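*Asks:* have a look; sequence and predicted model below, questions after that.
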Amino acid sequence: MSRLLLLLLTSSATLLVFGLWIPLKAVVAQELLELAWAESQARQAETRPWPWADTWPVARLTVPELGDSMIVLAGGHGESLAFGPGQLLGAEGHRGPVIIAGHRDTHFDQLQYLETGSELRLQDRAGGWRHYRVQATRIVDSRSERIDTRALADDA
């Protein structure tokens, strides 16, 4: 009986640890991103949040209406989008369009509550802010639809 109880307790503890691993990793990653963003601003240089990261913070996106703020990472590949929104187009300090992608069911979940006219703010590494207003919203499935960034660059 004691072996069965020990096996049950060990199995339960193992399942609990593995079940909490992903949420714990997500919380730690967000703290590391905040630290990397602060260091990027202080040093005015790319700062990776952890040594093996293939992305780094490039901006802070805030949505004052929702009280939401998130670190924007370089690129729109798997690792950057797993930890936050990724900047696909738009260079720091340049005028023109900025495209930021994110998963609608994680980091961009709150954006569903934005309406036409809602304000978005984007802070660059130098501390400057760019202000935007929502003109329209649309969910794009990257597997079946593409955004023509050349047309956006021509409009800027």
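*Replies:* Here it is on my side, so go on.

*Asks:* what about the helices in the protein?
*Replies:* Taking DSSP state H to define them, one finds helices in the chain at 2-43, 78-83, 149-155.

*Asks:* mean neighbour count, the ones you listed: which tops it?
*Replies:* helix 78-83 (a mean of 17; mean count of other C-beta atoms under 10 Å). From N, CA and C alone the C-beta is placed, and that goes for glycine too.

*Asks:* quick one: list the elements packing against that one.
*Replies:* For helix 78-83, the packing partners by 3 or more C-beta pairs under 8 Å, 6 or more residues apart in numbering; DSSP states H and E come out as helix 2-43, strand 68-74.

*Asks:* just to revisit the earlier point, a markdown table please, covering the helices of the chain and showing distance to residue 106.
*Replies:* Output for the helices of the chain, formatted as a markdown table (distance: least, C-beta to C-beta, whole Å):
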| stretch | distance to residue 106 |
| --- | --- |
| helix 2-43 | 9 |
| helix 78-83 | 9 |
| helix 149-155 | 23 |
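
*Asks:* closest to residue 90 out of these?
*Replies:* helix 149-155 (9.6 Å; C-beta to C-beta).

*Asks:* average pLDDT for the closest one?
*Replies:* Computed over helix 149-155, the mean pLDDT rounds to 59.

*Asks:* using a markdown table, lay out the helices and strands packed on helix 78-83 together with distance to residue 132.
*Replies:* A markdown table is the format used below for the helices and strands packed on helix 78-83 (distance: least, C-beta to C-beta, whole Å):
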| stretch | distance to residue 132 |
| --- | --- |
| helix 2-43 | 20 |
| strand 68-74 | 13 |
